[in-house]
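J.: Fold the following, please.
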Amino acid sequence: MSVDTADVRTTNRRVIEQFRAGGEVEGMHRERLVLLTTTGRRSGKRRTVPMMYHRDGERLLVVASNMGAAKHPGWYLNLIADSRVKVEVDGATFDGEALPLLGADYVRTWTELEKHYPFLADHQAKARKAKRVIPIVELSEEDLG
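T.: Numbers count the residues shown, from 1 in each chain. Okay, the predicted model is just below:
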């Protein structure tokens, strides 16, 4: 089943607009949404995508599942090229850094995420068929001091 990228772009624009307006976000749980702005690795343009996030203590985490697709989502490839991001969440906006989790931290966190979001196990199984490990990314507020 292929995904119509025009439909995805249209939905993302609507979600971003509704999220920034502060009201209900049609078809989504506003309290689970974050807007992540990355810099395009080829274009240099700022790109904003809405996505689900998870709080792990003080950490703000996003998962680059791409619904189990064979390739990483564009936003993840962008932040690998430039880890500086803008984050909009819970009524706040901050400049931050996006860092993928590694090693034991990744394994522990993935196990915990699967408990909260069982659909991630299906995404991981699909991604593994393509020899892809789904990244987990921590979004940290930049220390500008």
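
J.: For burial, what's the neighbour tally of residue 72?
T.: Per other Cβ atoms under 10 Å, the neighbour tally for residue 72 reads 18. From N, CA and C alone the C-beta is placed, and that goes for glycine too.

J.: Excluding residues flanking it in the chain, which one is nearest it?
T.: residue 64 (5.6 Å; Cβ to Cβ, 6 or more residues apart in numbering).

J.: Just the buried residues of stretch 43-60, please?
T.: By neighbour count with 16 or more other Cβ atoms under 10 Å, stretch 43-60 contains the buried residues 48, 49, 50, 51, 53, 54, 56, 60.

J.: now do stretch 12-29
T.: For stretch 12-29, a neighbour-count test (16+ other Cβ under 10 Å) marks 12, 15, 16, 18, 19, 25 as buried.

J.: for residue 86, helix, strand, or coil?
T.: Under the three-state scheme (DSSP: H, G, I helix; E, B strand; the rest coil), residue 86 adopts strand.

J.: Show me what it bridges to in the sheet.
T.: Note on residue 86: beta-bridge partners residue 37, residue 95, judged by DSSP bridges.

J.: sorry, back to before: could you double-check that the residue nearest to residue 72 lies in contact with residue 73?
T.: Yes - Residue 64 is within contact range of residue 73, at 5.4 Å (criterion: Cβ atoms under 8 Å).

J.: Show me which of those two is the more surrounded one.
T.: Taking other Cβ under 10 Å, residue 64 and residue 73 do not tie; residue 64 has more neighbours (22 against 17).

J.: so who does the more buried one touch?
T.: 72, 73, 75, 76, 134, 135, 136, 137 (Cβ atoms under 8 Å, 6 or more residues apart in numbering).

J.: quick one: contacts for the fifth one?
T.: Each residue near residue 134 by Cβ under 8 Å, 6+ apart is listed here: 63, 64, 65, 66, 68, 110, 120, 123, 124, 127.

J.: redo that, cut-off 10 Å
T.: With contact set as Cβ atoms under 10 Å, 6 or more residues apart in numbering, residue 134 has these partners: 63-69, 72-73, 76, 106, 110, 113, 120, 123-124, 126-128.

J.: Distance of it relative to residue 121?
T.: Counting by Cβ to Cβ, to the nearest Å, the separation of residue 134 from residue 121 is 10 Å.
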